[in-house]
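*Asks:* A predicted structure for the sequence below; I have some questions about it.
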Amino acid sequence: MRLTEMDCIPCRGGDPALTEAEIDALMPQVPGWQITRQEGIPRLEKRYKFKGYAPAVAFANAVAALAEEQDHHPAILLEWGKVTVSWWTHVIKGLHQNDFISAAKTEALFETNQT
């Protein structure tokens, strides 16, 4: 099943973080996303560019609505003409399938708004 067709599931503290092999298998489904580390914790991150502030705000709001719908919340950095979105699962201090589902849905939101 494609990630964009899936929904996030509640993640409990005892759930394991994805292995490197699992991450490598999921990365092709989120093109342009990168694994970054902040305070030693891996995150899925991507910066989106826009022609102005208002379109960036609209996209950040759409990502926030997606996060509420999925009950999985990213860090969103809003700047003039840019939005950086970072997904990770706080409770396991790592990456979970939910992060890849959310990244794929974020990408679909961006693509929908560009056409």
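*Replies:* Ah, there it is. Residues are numbered from 1 along each chain as shown.

*Asks:* contacts, neighbours, all on C-alpha from now
*Replies:* Fine.

*Asks:* can you tell me which helices and strands the lengthiest strand in the chain packs against?
*Replies:* For the chain, the strand with the greatest residue count under DSSP state E is strand 41-49. Under the contact criterion of 3 or more C-alpha pairs under 8 Å, 6 or more residues apart in numbering; DSSP states H and E, strand 41-49 touches strand 34-38, strand 82-87, helix 97-114.

*Asks:* of the ones you listed, which is nearest Thr4?
*Replies:* helix 97-114 (5.3 Å; C-alpha to C-alpha).

*Asks:* before we move on, the earlier item: tell me which of the helices and strands packed on strand 41-49 sits most buried.
*Replies:* Mean neighbour count (mean count of other C-alpha atoms under 10 Å) peaks for strand 82-87 among the helices and strands packed on strand 41-49, with a mean of 21.

*Asks:* angle of that strand against strand 34-38?
*Replies:* 80 degrees (axes from the mean of the first three to the mean of the last three C-alpha atoms, to 10 degrees).

*Asks:* convert strand 82-87 to PDB, retaining C-alpha atoms only.
*Replies:* The C-alpha trace of strand 82-87 is given here as PDB (Å, rounded to 0.1, in the frame of the first residue of the first chain):
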ATOM      1  CA  LYS A  82       9.900  28.900   2.600                       C
ATOM      2  CA  VAL A  83       8.400  26.300   4.800                       C
ATOM      3  CA  THR A  84      10.600  23.600   6.400                       C
ATOM      4  CA  VAL A  85       8.700  20.600   7.700                       C
ATOM      5  CA  SER A  86      10.300  18.000  10.100                       C
ATOM      6  CA  TRP A  87       8.700  14.800  11.100                       C
END
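
*Asks:* from memory Trp33 sits against Tyr48, does it?
*Replies:* No - Trp33 is not in contact with Tyr48 according to C-alpha atoms under 8 Å; the separation is 10.3 Å.

*Asks:* now do the longest strand of the chain, average pLDDT.
*Replies:* In this model, strand 41-49 has an average pLDDT of 97.
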